[in-house]
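Novice: Make a model of this:
(one chain, ligands or ions: 1)
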Amino acid sequence: MKTAIIYYSRHHENTLKLLRAIVQEHSGVTLIDACEAGDLSDYDWIGFASGIYYGQFHKSVIRAAQEKLPRGKKTFLICTYAMRREGYTQRVRTAIEASGGEVLGEYGCLGFNTFGPFALIGGIAKGRPNAQDTAGAVSFYKKMLEGAH
Ligand SMILES: Cc1cc2nc3c(=O)[nH]c(=O)nc-3n(C[C@H](O)[C@H](O)[C@H](O)COP(=O)(O)O)c2cc1C
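Specialist: From the prediction side, this is the model:
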């Protein structure tokens, strides 16, 4: 099983913390910066992961899903956000659907945010993702793998 996770994680590398935990626990997972995504046809599963920027996955991840995702792939979604809301995965899901792909599942948790006015109060969602959040990401991936066998 070969998995690629196409990601964008710049604000505090919050999303990357989840991805690194998955890579540490599971072999066969390659992390690819969304801006560097090339030919993905060799991978069985493609994950898309991002901090939430203005209510959506970062545009580089959405663009990768629109332009680089081979047809009919199994995919999954991982994100971190400052405030939990519906609809954060909508645009990336639309791109996956357009490629005839399937979304196996999604995982999201809080991520430390110091953007804009939140910096004045020292940020929100301090200390997140925490150990429980990263363990949750690892178990999310493990459960998907178990479901595949
Ligand atoms: C420019 C910018 C826009 C953001 N927009 C949102 C948003 O719309 N909703 C939200 O819950 N968090 C928002 N956040 C907070 C980030 O989603 C959160 O800190 C996330 O964990 C960052 O992930 P990263 O460190 O992996 O890049 C925003 C942060 C930045 C810097």
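Novice: Under the pLDDT cut-off, which ranges of this structure? List them.
Specialist: Scanning the chain for pLDDT under 70 picks out the ranges 149.
Novice: what ranges do the strands span in it?
Specialist: 3-8, 29-33, 45-53, 56-57, 74-81, 102-110 (DSSP state E).
Novice: Briefly note if the third one comes near the ligand.
Specialist: Spelled out, that is strand 45-53. Yes. Strand 45-53 lies within reach of the ligand by Cβ under 6 Å from any ligand atom, at 51-53. For the C-beta atoms, the positions are set from N, CA and C on the backbone; glycine is no exception.
Novice: got it, and the shortest one?
Specialist: No. Strand 56-57 stays out of contact with the ligand when judged by Cβ under 6 Å from any ligand atom, the minimum separation being 7.6 Å.
Novice: Tell me the strands beside that strand, with direction?
Specialist: Taking DSSP bridges as the criterion, strand 56-57 sits next to strand 45-53 (antiparallel) in its sheet.
Novice: what sits against the residue most central in space within the chain?
Specialist: For the chain, the residue nearest the mean C-alpha position is A49 (1.6 Å; Cα atoms, centre = their mean). By Cβ atoms under 8 Å, 6 or more residues apart in numbering, the contact set of A49 is 5-9, 15, 18-19, 61, 77-79.
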